[in-house]
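>>> structure, please.
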Amino acid sequence: MFHDSTNNASSLSRRRVMGLGLLGAAGLAATLTACGTSAGPGTTKPGAAGSGTPSYYPADYSKLMDASKTEGGSLVIYSNTDQENWAPILRDFKAKYPWTKVSADNLDSDEVFQRQLSESATGKAPADMLVSNAVQAWASYATKPDSLMSYDSPETKQLPEFAQLMPNVWAMSLDPVGIAYNSALMKDAPTSIADLAKMVSADTGNYKNKITTRDVKGAWGFSVSHAFTQGNSKSWNSLDEILPQARPETSSGTQKEKILSGEYLAGFFISSAVGYPAEKASGGLVKFVLPKDGTVVLGRGIGITPKAPHPATAKLFLDFVLSEDGQNAVAEGGLSSYRENVELKEGRHTYQEVEKLAGKDAIIRVPYKVVPESEVTPFVSKWNAKLGS
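As a prediction, this is how the structure comes out:
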């Protein structure tokens, strides 16, 4: 079963999913089986420029393609997603719709929304789409009036219910958060946060200022850290040991580089979007593992801005990302796709793999809803008070 980070029950094995319309264990299995149904031979309809569309798409879908051509096919995306994650997605989208040209900026988690809001206030907002896995920031932004364009993607009915994170916000991927460590400097692999805590407490001199975690003052850092404490009733037993030896960073990319260089021995609550590619690129020098005492999973939200300059192209892109082809590209780029029929190859990762490696009972899902400031402030204060100097 999934664990909702808002449900602080007595044990991992007894927590139940809440919020977002997430599925129970029985319903989830059936839905995941159905969600990956491939169109298969003979079930696609011819589209413009060789872009066949599944049989469940609207009969007049070609009009959307024509409108995209009229727009010039340009698309501007504000995201907190690395270029290496984007590369296969943009490549395959371009192959399907050759007239398109996509620009995907890589911004800080909070900056995605701050920039969109500030530009919207001036009446000149160039972004067509927003992509981020900063749950708290997404939820806060999406509750504002006229923050997103209303669109009913034809792919929605082919996906599990939890794929739609909020009205007009879908999961581009479902990314786990784990532990990254320098395998040349740590003899044993930490398999859980509790395991890492034991290593740290047994050799505090070696680990002093050698552990990194995300800054909880940022939306992403708060979301994953708060989720873990809500999803694991024994979390603070481990965090009390680790945090005094830890230093915060504002991005997983910075954490990765410093773990690779040896400045840090390990980091916890590292995004898999950085962890998986780092493990591959480093030849295993950086290792990435999913904590068995609680693996936080974040939906990487994607939505269309309310006054997108290129709305037709944005709709094409959203439909593509949610499609079977798009989810294969998502996996190839190092993100975790969630359609059942994603082709599994070395280096690709899926949500089903997360369930297998971490264990279903260890998954902590983060709902897309705003945590009240009355809860945020004391949590941040408690967390930062425990950090080392």
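>>> the longest strand seen in the chain pairs with which strands, and in what direction?
When the chain is parsed with DSSP state E, its longest strand is strand 169-182. Strand pairing for strand 169-182, determined by DSSP bridges: strand 164-166 (antiparallel), strand 266-271 (antiparallel), strand 286-289 (antiparallel), strand 295-304 (antiparallel).
>>> just the mean pLDDT for it, thanks.
If you average the pLDDT over strand 169-182, you get 96.
>>> now the angle from the following helix or strand past that strand to strand 266-271?
As assigned by DSSP states H and E, the chain's next helix or strand after strand 169-182 is helix 193-202. With axes from the mean of the first three to the mean of the last three Cα atoms, to 10 degrees applied, the angle from helix 193-202 to strand 266-271 works out at 160 degrees.
>>> that older thread, how about the strands paired with strand 169-182 in TSV, adding mean pLDDT and mean neighbour count?
In this view, the C-beta of every residue, glycine as well, is placed from N, C-alpha and C. Formatted as TSV, the strands paired with strand 169-182 follow (pLDDT from 0 to 100; neighbours: other Cβ atoms under 10 Å):
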stretch	mean pLDDT	mean neighbour count
strand 164-166	94	22
strand 266-271	95	29
strand 286-289	95	23
strand 295-304	96	27
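>>> of those strands, which approaches L196 most closely?
strand 266-271 (6.2 Å; Cβ to Cβ).
>>> which residues are in contact with the next helix or strand after the closest one?
Using DSSP H and E, the helix or strand that follows strand 266-271 towards the C-terminus is helix 272-281. Helix 272-281 has contacts (Cβ atoms under 8 Å, 6 or more residues apart in numbering) with 81-82, 84-85, 133, 173, 175-178, 180, 252-253, 255-256, 259-260, 286-288, 300, 334-336, 347, 349.
>>> measure K307 to K63 for me?
In this view, K307 and K63 are 21 Å apart by Cβ to Cβ, to the nearest Å.
>>> in a helix, that's where P88 is, yeah?
Yes: looking at P88 with DSSP: H, G, I helix; E, B strand; the rest coil, it is inside a helix.
>>> wait, what's in contact with it?
P88 neighbours (Cβ under 8 Å, 6+ apart): 329-330, 332-333.
>>> low-confidence ranges in the stretch 151-300 of the chain?
Within the stretch 151-300 of the chain, the set of residues satisfying pLDDT under 70 is empty.
>>> possible to save the strands paired with strand 169-182 as JSON lines with distance to A125?
What follows is these, written out as JSON lines (distance: least, Cβ to Cβ, whole Å):
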{"stretch": "strand 164-166", "distance to A125": "20"}
{"stretch": "strand 266-271", "distance to A125": "27"}
{"stretch": "strand 286-289", "distance to A125": "36"}
{"stretch": "strand 295-304", "distance to A125": "12"}
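>>> orientation of the longest strand of the chain relative to helix 272-281 in degrees?
Computed by the same axes, to 10 degrees, the angle between strand 169-182 and helix 272-281 is 40 degrees.
>>> if we can go back for a sec, most widely separated two among the contacts of P88?
V330 and E332 (7.3 Å).
>>> the two: who's more crowded?
Per other Cβ atoms under 10 Å, whichever of V330 and E332 has more neighbours is V330, with 31 against 21.
>>> the more buried one in helix, strand or coil?
Three-state assignment for V330 (three-state DSSP): helix.
>>> relative to R348, how far out is it?
Taken as Cβ to Cβ, the span from V330 to R348 is 9 Å.
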